[in-house]
Structures are given as structure tokens and as C-alpha cells.
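[1] I need the structure of the sequence given here:
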Amino acid sequence: MSAERLNPERLPVAAVKAHNYNLEELIPAVRKGLELIGGLDTIVQPSSKVFIKINHLSPPSPPERGIVTHPVFTEAVIALLKEISADITVSDDIEEWEGNGFAVSAYRAMCARQGVKLVNLREGGFIEQPCGGKILKNLYISKIVREADVIINLPKFKTHSLTVFTGGIKNMYGIIPAGLRRKFHGRYLRSEDFCRMLVDIYAMAKPQLTIIDAIMAMEGEGPGSGKMKDLGLILASRDAVALDAVCGGIIGLQPVDILTTRYAGERGLGISQLSSIDVIGEKFEDLVTKDFKLPATFARTAINRAPRGPVKYILEQISPRPRVKKKNCTACGKCVKACPAGAARMAGKTSVIDAKLCIRCMCCHEVCRYDAIYPGRPLFGAAIYGVLRAARRM
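    Predicted structure coming up:
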């Protein structure tokens, strides 16, 4: 599944090696990736108003933690864009929590250095529009996004405790208000419904170009508490669905294992079958890693395919719920603010999660920056998960 020139019958995804976040090395690497899929000048015109959607997960964190799209990665893309267009806006919808989130992640300094606009999407406001999706019928979406001529999507290669993987499709979740995102976490409890909702949002603002920062990826309990994994890759495509499918294949997953990829493909929003995709630049077989650690919640995929009967009980046992590691808790209260169900509260100097109220959305785990909240299982569930994980390695 590799070629050095475009095959008109198959959709291209470029894969280019990149070993660090050195701007002088990244610019030619990104340029090579873009040339492999036809060139940036076939997507962006000199008069284009360009919107760059980064992955800037709240609360803010420094780039070396691997939680946000690395600012130097984004800077390399900006440097190439400035050769064509001068109207560039870098943005995400972030909750400030305390201080200046864009300063913590080094985006404030980078955008000032490059002379481009850096905007919190909430500053530009949101407008309600009909959606007509499988789940959503109306949706509040960023005005800045709606006014852009070209949307460039720069996700971070990470696992996700709710959706297994977060890539090009899920990164567009950030174009709606944070309050609405919390509401949807509480409303769409089944991963199937949640992922269909994510695809509805993606369909509202399909990016013309997606480039994923897979130089230092995140494995395990992403998107905020996983471990760094050196993949050394830049992946680019005009089709975020195809790009997500390739990313899944790299870590040993089929398109059906990542529901956002599967549903987007079924709806004709992109190509989700690896057999219809050309990975160019690097050979796909050489990119596959067999030791990539998936989130604990991946076991739900296997259980959902099992026959009915004991499935509900097994699913209950194997599905992790957030638990608090008290020695790591700083009583910062981020989990309390993020919980859409009111299950998280402070009890003295530590967080407590009410199991009866918990909906297992993992929002508390996502916002914790101290590894104090982790997905845990009862002993029986852990044993089943161990068997499933061993079977996956066979």
C-alpha cells in the first residue's frame, strides 16, 4: 500500500519521517508531505482566509507533555502558508481556567513571532445553524470557522479514553462551545451515539487539509494522562477520514475499531477502508507498531461484538470508571468543573467521584494534569480485560 506518485484511483495519505520539533527540519518535512498529496498551492489561494484548528486541550499544558499540537509543528505549517496567504488565524475554543492558556502552551509567543492571529474561538462568538445529522439537528458553531475560506486541521496523534483514538475527525469537536461539549458528554452516554455526534460536527465543517502531529504521540490513557510514544511521523491528507484510518492501522486497529472513522466512512464523508488508500512517502508496512498501548476502554469494542445474554454484566465489569489516586490529587478542582453529571466533588484535600452519578464520560480524567484520576476496574473486570488484551497480541 505504497507509491511515490499519486494514483488517481486511490486516495493519498502522505507519511513523512520527522524526528524532533526543530523548525528548520520540520519545514522541509511538512513541505514534502504536502507535495506528495498535490501541493499546498492547490488548496490555498493568495486571497484565502485560512483557519488553523489546533488541538489545545484545556486546562493548558506545556508542549513537551504531548497533550497539545506542538506549537513548532504548527509554526512549520504557518511558515509554508505565509508563502501563499497572509490572512491566517490559529485557534481553538479553550477555557482559560487560570492565567493565559495560550501562553502556557507557547502558542502566544509562537504566533507573535510569526505575525499571525491567535484567537480563542469564544472571542469570535458562535452561531446556531441547522445540522441535519444522525444525532444533531441544530448546532452552535464558531463564526470564525464559518467565515474561513480554508480550514486546516492540525490534530495531535493520541489515544482517547472515550473514543479510543482522537485524530482528524474528533479534533473538529473544538469548533463548538465548551459548555455545549460538556452537555453532549452528559447527553450521549453510549460511545456509539457520542461518536455519531462527533461525525455530525465534522460534517458541518470538513477541513480541506489535515496534517497530524505524530512526531511524539500519546499512548495509553490519553488524551491528557497517557505516555509519550516516539512515532517520528508527519501524516497529511485532504481527507481526514482516510488519515484517521491510516493512523488506526499504524497502531493495529481496523477502521471499524474507531467508530468516528467507521461512521464517517459509512456516511460518505471520506474514505475509511485501507484498501482504497495509498500511503505515499513511507511504506505503510514499515510504519505499523505492534507495541502501541491502547486505552483501557478499548475493551468495549470487543465486548460490543459479543452475543447478547451475559454481555451487559461483562460490559459493566470491563468498562473502566474514573478512580482517584489520592496521593497525586492537588485539590485543584478541575475535575469538578469538567464533570457534566455532578459526580465529582471535593472532600477535604482530595477529589471524590460518586459511582452512582458517574456516567463514565472520562471528562475528569481528560482534564486532570496530575495523573490523579485514572480508569480503573474491579478485579473480575481486570481479569477479563487481561484475557482480551492477550488475545489481541496473538
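[2] once you drop chain neighbours, what's closest to the residue nearest the centre of the chain?
    Per CA atoms, centre = their mean, the C-alpha nearest to the average position across the chain is that of Thr166, at 2.9 Å. Spatially, and ignoring its direct neighbours in sequence, Thr166 is nearest to His160 (4.2 Å; CB to CB, 6 or more residues apart in numbering). Glycine gets a C-beta too; all of them are placed from N, C-alpha and C.
[3] tell me the contacts of the one you found?
    Residues near His160 by CB atoms under 8 Å, 6 or more residues apart in numbering: 166, 170, 222-223, 295.
[4] over to Arg196?
    Going by CB under 8 Å, 6+ apart, Arg196 touches 133-135, 188, 259, 263.
[5] tell me the gap between the helix or strand where Ile211 lies and the middle of its chain.
    Using DSSP states H and E, Ile211 sits in strand 209-219. Here the centre of strand 209-219 is set off from its chain's centre by 9 Å, with CA atoms, centre = their mean, to the nearest Å.
[6] could you confirm Ala15 falls within a strand?
    Yes: checked against DSSP: H, G, I helix; E, B strand; the rest coil, Ala15 lies within a strand.
[7] per-residue pLDDT, it?
    At Ala15, the pLDDT value in this model is 98.
[8] wait, it sits on Glu285?
    No: contact criterion CB atoms under 8 Å: Ala15 and Glu285 do not qualify, at 11.3 Å.
[9] name the residue in the two with the higher neighbour count.
    A side-by-side neighbour count of Ala15 and Glu285, using other CB atoms under 10 Å, places Ala15 first with 24 against 9.
[10] just to revisit the earlier point, beta partners of the residue nearest to Thr166?
    With DSSP bridges applied, His160 shows beta-bridge pairing to Val164.
[11] switch to numbering from 665
    Happy to do that; since the first residue is 665 now, the last one works out to His824.
[12] burial of the spatially closest residue to Asp1018 that is not a sequence neighbour, as a residue count?
    Nearest non-adjacent residue to Asp1018, counting by CB to CB, 6+ apart: Ala1007, 4.6 Å away. By other CB under 10 Å, 22 other residues sit near Ala1007.
[13] relative to Ser889, how far out is Ala1007?
    Distance, Ala1007 to Ser889, using CB to CB, to the nearest Å: 18 Å.
[14] shaky segments in the stretch 865-1014 of the chain?
    963-983 (pLDDT under 70).
[15] kindly recompute the last result at 90.
    With pLDDT under 90 as the threshold, the stretch 865-1014 of the chain has low-confidence stretches at 919-920, 954, 960-985, 1001, 1004-1005, 1012-1013.
[16] all the strands of it, residue numbers only.
    Remark: strands assigned in the stretch 865-1014 of the chain by DSSP state E, counting those that start in this stretch are 873-883, 891-901, 941-944, 985-988, 1008-1011, 1014-1017.
[17] among those, which is the most enclosed?
    Among these, judged by mean count of other CB atoms under 10 Å, the one packed with the most neighbours on average is strand 873-883 (a mean of 26).
[18] what about Pro710, distance to Lys801?
    From Pro710 to Lys801 the distance is 38 Å (CB to CB).
[19] ditto for Arg695
    Arg695 is 42 Å from Lys801, by CB to CB.
[20] the more surrounded of the two?
    Between Arg695 and Lys801, counting by other CB under 10 Å, Arg695 is the more crowded of the two (18 against 10).
[21] hmm, back to that, which of the contacts of Arg860 sits closest to Val814?
    Gly797 (23.0 Å; CB to CB).
[22] what's the closest non-adjacent residue to the closest one?
    Among residues not flanking Gly797 along the chain, Asp864 sits closest, at 2.9 Å (CB to CB, 6+ apart).
[23] where does the one you found land in three-state SS?
    Per three-state DSSP, Asp864 ends up helix.
[24] which pLDDT value goes with it?
    pLDDT recorded at Asp864 is 98.
[25] distance of it from Glu930?
    Distance from Asp864 to Glu930, counting by CB to CB: 13 Å.
[26] settle it for me: which of these two has more neighbours?
    For Asp864 versus Glu930, the count of surrounding residues by other CB under 10 Å is larger for Asp864: 19 against 12.
[27] surely the more buried one is in contact with Lys801?
    No: counting by CB under 8 Å, Asp864 does not reach Lys801; the two are 9.1 Å apart.
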